[in-house]
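1. following is a predicted model, sequence given first.
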Amino acid sequence: MDGLERGERYAVTRNGHHIGDLVPLRRRRPAVSRAEFAAVSRGMPRLDDRKYREDMERHVNDDFFDPYDRAYGRREFAEDEG
């Protein structure tokens, strides 16, 4: 077990036949620091919101949504005057 804690791997055999491996668990980092996230993000392209919306309209089939919800969102209907 001490070897596993040091990162060593072990082959498990029974009667000379390999039946498995003992390997150390990977340690997961709890979070990425803000500075590390910023450094990785610098190289990413900027998102063009208008192009993104156009692509979504063109390629995403959202027929299962109520079409009136979408039309009202686009203000295609005259609002009630009252």
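-> Yes, it's here.

2. for the rest of this, base every contact and every neighbour count on C-alpha atoms.
-> Fine.

3. ramachandran coordinates for the closest residue to Gly20 other than its chain neighbours?
-> Spatially, and ignoring its direct neighbours in sequence, Gly20 is nearest to Val12 (5.1 Å; CA to CA, 6 or more residues apart in numbering). Dihedral pair for Val12: phi -110, psi 130, per degrees, to the nearest 10.

4. again with the one 4 residues further on
-> Note on Gly16: backbone dihedrals following degrees, to the nearest 10 are phi 80, psi 0.

5. give me the neighbour count for it.
-> For Gly16, the neighbour count with other CA atoms under 10 Å is 7.

6. state the pLDDT value of it.
-> pLDDT for Gly16: 93.

7. now it: how far from Gly3?
-> Distance of Gly16 to Gly3, computed by CA to CA, to the nearest Å: 22 Å.

8. likewise for Ala38?
-> Ala38 sits 37 Å away from Gly3, going by CA to CA.

9. likewise Ala31?
-> When distance is defined by CA to CA, Ala31 is 27 Å away from Gly3.

10. same thing with Ala71?
-> As judged by CA to CA, Ala71 and Gly3 stand 64 Å apart.

11. so in the chain, where's the weakest helix or strand by average pLDDT?
-> Least confident helix or strand, the chain: helix 67-73 with a mean of 69, by mean pLDDT, DSSP states H and E.

12. run through the protein and note the low-pLDDT ranges.
-> Along the chain, segments meeting pLDDT under 70 span 62-63, 65, 67, 70, 73, 76-82.

13. chain center to the one helix or strand Thr13 maps to: distance?
-> Following DSSP states H and E, one finds Thr13 within strand 10-14. Mean-position distance between strand 10-14 and its chain equals 36 Å (CA atoms, centre = their mean, to the nearest Å).
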